[in-house]
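Enquirer: Pasted the sequence and its predicted model underneath.
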Amino acid sequence: MKNKKAYLKINEVSKLYNIGVDSLRYYEDIGLLIPSRGAENNYRYYGYEDLMKLNLIRELRKLNFSFIQIKEMLGHRNLRSTLELLNRELSLIDLEIRKMQDSRHAVLQRIHSLETAISDITYNQISVRSMPERKCLHIVYDDVTIDEIDYYISTFIKEHGIHLEDMIGRSDGYRLDIHKACSPERYAVKEVFILNKYLSMEPSFILPAGEYLSVAYNGRISKSRIWGEKMLKYAEENHILTEGDMFEFCVIDYYETDVPEEYITLLQIKIKHSGPCPLEAP
């Protein structure tokens, strides 16, 4: 039977604990773990108490204790202080768990939004759809090009401290000016907004529940004026009165897929009712 070694050299500790030599030297530099030194060769030697301390350091680091906290603990611990620190760390762990649960919930929302969009869309067919109340965040009043949208949305997110859950599952929305064209295929834009039924913050405005004349097409967002004109003609031919602005929603675009044929764009305009119209842009 081999005799137990009373001390281990730094390379032996490094190999045994799978920890870098530089890390062990750093622990020594900050006064966290100071091995004894050989009188003749000045080598570092780690005894069993050093190894016990190293185990404790590694355990506390896994619990996200800082080096300063660990240094304050070592040599000054009692049961009360240990319990206080562990309870404080437990609170931080619980906070991280809640954050992860929020992230998980947000991802599930996004999955549901995509699956619903895919299963609920009939392409290139004008129809009347009954829509629930929808929460919206105003981004900008402007004739914004597609290339500028990300800039405006990113600026809005930064200025308002938007949370992740308010972005997951969103659709970019546009209030269109049907009296002004920016190209043969597209209407000019009066307003850019975000639509998100999971919105936790106060919405800028709400699209009211009701019946909307609707049409969805797939492919690049370049057919809105063509389909918008068809939708207005359909309303006229079928004696359907509409009110307010026409809206365009990017249900699926480059945020979800690199395949343009998978993009989904939805056009809607509210069917007129007897009350006042809340859809006009300021």
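Expert: All right, it came through fine.

Enquirer: Return the set of buried residues in the worst-scoring helix or strand of the chain on mean pLDDT.
Expert: Using mean pLDDT, DSSP states H and E, the weakest-scoring helix or strand in the chain turns out to be helix 146-160, at a mean of 74. By 16 or more other Cβ atoms under 10 Å, the buried positions in helix 146-160 come out as I146, I149, I153, F156, I157. In short, each C-beta sits where N, CA and C put it, glycine included.

Enquirer: do the same with stretch 8-20
Expert: L8, I10, V13, S14, Y17.

Enquirer: Now pLDDT, secondary structure and distance to Y234 too, for those residues, in JSON lines please.
Expert: JSON lines is the format used below for those (pLDDT from 0 to 100; DSSP: H, G, I helix; E, B strand; the rest coil; distance: Cβ to Cβ, whole Å):
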{"residue": "L8", "pLDDT": "89", "secondary structure": "strand", "distance to Y234": "83"}
{"residue": "I10", "pLDDT": "92", "secondary structure": "helix", "distance to Y234": "81"}
{"residue": "V13", "pLDDT": "91", "secondary structure": "helix", "distance to Y234": "79"}
{"residue": "S14", "pLDDT": "91", "secondary structure": "helix", "distance to Y234": "76"}
{"residue": "Y17", "pLDDT": "88", "secondary structure": "helix", "distance to Y234": "74"}
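
Enquirer: Let me have those in a markdown table, adding distance to I252 as columns.
Expert: A markdown table is the format used below for the buried residues of stretch 8-20 (distance: Cβ to Cβ, whole Å):
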| residue | distance to I252 |
| --- | --- |
| L8 | 60 |
| I10 | 57 |
| V13 | 55 |
| S14 | 52 |
| Y17 | 50 |
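
Enquirer: from those residues, which is closest to Y187?
Expert: Nearest to Y187 among those: Y17, at 66.4 Å, using Cβ to Cβ.

Enquirer: Okay, the closest one and T82: tell me how far apart.
Expert: 22 Å (Cβ to Cβ, to the nearest Å).

Enquirer: Quickly list the domain ranges of this structure.
Expert: Annotated domains of the chain cover 8-77, 123-271 [automatic domain parsing].

Enquirer: distance of C250 from Y217?
Expert: Counting by Cβ to Cβ, the gap from C250 to Y217 is 12 Å.

Enquirer: who touches both of those two?
Expert: I264, T265 (Cβ atoms under 8 Å, 6 or more residues apart in numbering).

Enquirer: Tell me the pLDDT of I162.
Expert: I162 is assigned 66 on the pLDDT scale.

Enquirer: Number the chain from 14, please
Expert: Renumbered: residue one is now 14, and that last one reads I175.

Enquirer: one step back: show me what the least confident helix or strand of the chain is packed against.
Expert: If contacts are counted by 3 or more Cβ pairs under 8 Å, 6 or more residues apart in numbering; DSSP states H and E, helix 159-173 sits against strand 147-153, strand 200-208.

Enquirer: which outside residues touch the longest one?
Expert: Residues lying outside strand 200-208 but in contact with it, judged by Cβ under 8 Å, 6+ apart, are 147-157, 162, 165-166, 180, 183-191, 193-195, 217-218, 220, 237-238, 241, 258-259, 261-262, 294.

Enquirer: Buried ones from these, can you make that a PyMOL selection?
Expert: Listed next is the PyMOL selection for buried residues among those, using 16+ other Cβ under 10 Å:
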select buried, resi 147+148+149+150+151+152+153+156+157+162+166+180+183+184+185+186+187+188+189+190+191+218+220+237+238+241+258+259+261+262
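
Enquirer: Thanks again, I'm all set now.
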